[in-house]
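> Next one to model:
(chains A and B)
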Amino acid sequence: MREVSVPRSSVRGVRLATWNVNSVRARLERVADWLKAGDADVVAMQETKCRDDQFPEDTFRELGYEVAHVGHSQWNGVALASRVGIEDVERGFPGMPQWGDPPAAEARALGATCGGIRVWSLYVPHGRDQQNPHMRYKLDWLARLRDAGREWLAADPQAEIALVGDWNVAPRDEDVWDMDFYADKTHVSPAEREAFAGVVGAGYADVVRPYAPGPGVYTYWDYKQLRFPKRQGMRIDFVLASPALAPRVRSATIDREARKGKNASDHAPVVVDLR
DNA sequence: ATGGTCGATTATCGA
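This next block holds a predicted model:
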């Protein structure tokens, strides 16, 4: 599968990261600095907030990464950057529900094989609020992802698949800073948690939590209300791994440092080291 | 003070 005979990553393992960058163009300097320091081999990005023709490919290329992107205007947009190859790029997964006018509708999922691992960069619909039709779309979207994920493993139980990104679900009470605050909002409802659990039940394990246990461990902090310095966040960014991939995990970290200072994204990168 | 901040695109909307 690998095109390079002895890539550096095969000697010291593959470092896989996911990061909701909240605009790849507004964040470009910080993303580039993070790539230089972070040594990631594969980086999934979400909320790139640009069209394909606006994606700053050259900056990534200069840093040694190939890129694939799907996006539309300011909405959503997901990307993969890889220095261990990008093959078989797919925009959207089979059965993925649509919302709004294409191509915005397809800007939530990008799959590619990177260094032998099938990586999906995912931006799960937000839901907006419990009564909004967008919530139904969110739950349907996760149900279709569950079905697709189950089929991929049925076709090849040994497949090394990573489902990574911003899931817009906090699966446990400990994953939000205050359950009362979120009681009537999105991300914590039983329906949303069941939808997330459906993907886990299809065979994909959260491989980060064992290395970054809660409570009080988050991946997102609202820009407003000084949520970050007050340590009031949510854990909503996850790396889920298939049964063949999960045992390759050696460590995982949430890079809180990247949320600090000016011009930070409201999400921190999540990093997983594979053997 | 029932908001407070961002980003993309153009006075809103989404997160």
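> which residues sit in contact with the residue lying closest to A:Q232 once chain neighbours are set aside?
Excluding the flanking residues, the one nearest A:Q232 by CB to CB, 6 or more residues apart in numbering is A:W177, at 3.9 Å. Where you see a C-beta, it was placed from the backbone N, CA and C, and this is true even at glycine. By CB atoms under 8 Å, 6 or more residues apart in numbering, A:W177 lies in contact with A:216, A:218, A:227, A:231-234.
> same deal with A:P125?
A:P125 neighbours (CB under 8 Å, 6+ apart): A:99, A:108, A:134, A:137-138, A:141, A:168.
> re earlier: reformat the contacts of A:W177 as a markdown table; add secondary structure and pLDDT.
Output for these, formatted as a markdown table (DSSP: H, G, I helix; E, B strand; the rest coil; pLDDT from 0 to 100):
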| residue | secondary structure | pLDDT |
| --- | --- | --- |
| A:G216 | coil | 96 |
| A:Y218 | coil | 98 |
| A:R227 | coil | 97 |
| A:R231 | coil | 97 |
| A:Q232 | coil | 98 |
| A:G233 | coil | 98 |
| A:M234 | strand | 98 |
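> Which single one of the residues you listed is nearest to A:Q130?
A:M234 (16.4 Å; CB to CB).
> pretty sure the closest one is in contact with A:G216, am I right?
No - using CB atoms under 8 Å, A:M234 is not in contact with A:G216; the gap is 11.2 Å.
> Which one's more surrounded, those two?
More neighbours surround A:M234 than the other of A:M234 and A:G216, with 21 against 12 (other CB atoms under 10 Å).
> Three-state assignment for A:A191, please.
helix (DSSP: H, G, I helix; E, B strand; the rest coil).
> quick one: which helix or strand includes the residue nearest to it when sequence neighbours are not counted?
Counting by CB to CB, 6+ apart, A:L139 is the residue found nearest to A:A191 once chain neighbours are left out, at 5.9 Å. According to DSSP states H and E, A:L139 maps onto helix A:133-155.
> that older thread, what pLDDT is listed against the residue nearest to A:Q232?
Confidence at A:W177, expressed as pLDDT, is 97.
> Also the one 10 residues further on?
Per-residue confidence for A:H187 comes out at a pLDDT of 98.
> Same question for A:H72.
82.
> Might one say that it is in contact with A:A107?
Yes - if you go by CB under 8 Å, A:H72 and A:A107 touch, sitting 5.0 Å apart.
> Which one's more surrounded, these two?
Neighbour count, other CB under 10 Å: between A:H72 and A:A107, A:A107 has more, with 28 against 20.
> how close does the more buried one sit to A:L153?
Distance of A:A107 to A:L153, computed by CB to CB, to the nearest Å: 26 Å.
> Need the residue closest to the centroid of chain A.
Nearest to the mean C-alpha position of chain A, by CA atoms, centre = their mean, lies A:G165 at 1.1 Å.
> neighbouring strands for the helix or strand containing it, and are they parallel or not?
Per DSSP H and E: A:G165 is located in strand A:161-166. Strand A:161-166 has the following strand partners under DSSP bridges: strand A:117-123 (parallel), strand A:237-241 (antiparallel).
> Need these in CSV (columns: mean neighbour count).
Below are the strands paired with strand A:161-166 laid out as CSV (neighbours: other CB atoms under 10 Å):
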stretch, mean neighbour count
strand A:117-123, 25
strand A:237-241, 26
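> Just send those strands back as CSV, with distance to DNA strand B and mean pLDDT too.
Shown next, in CSV, are those (distance: least, CB to the nearest atom of the strand, whole Å; pLDDT from 0 to 100):
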stretch, distance to DNA strand B, mean pLDDT
strand A:117-123, 9, 98
strand A:237-241, 11, 98
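> mind checking which of the ones you listed is nearest A:K260?
Among those, strand A:237-241 sits nearest to A:K260 (CB to CB), with 16.7 Å.
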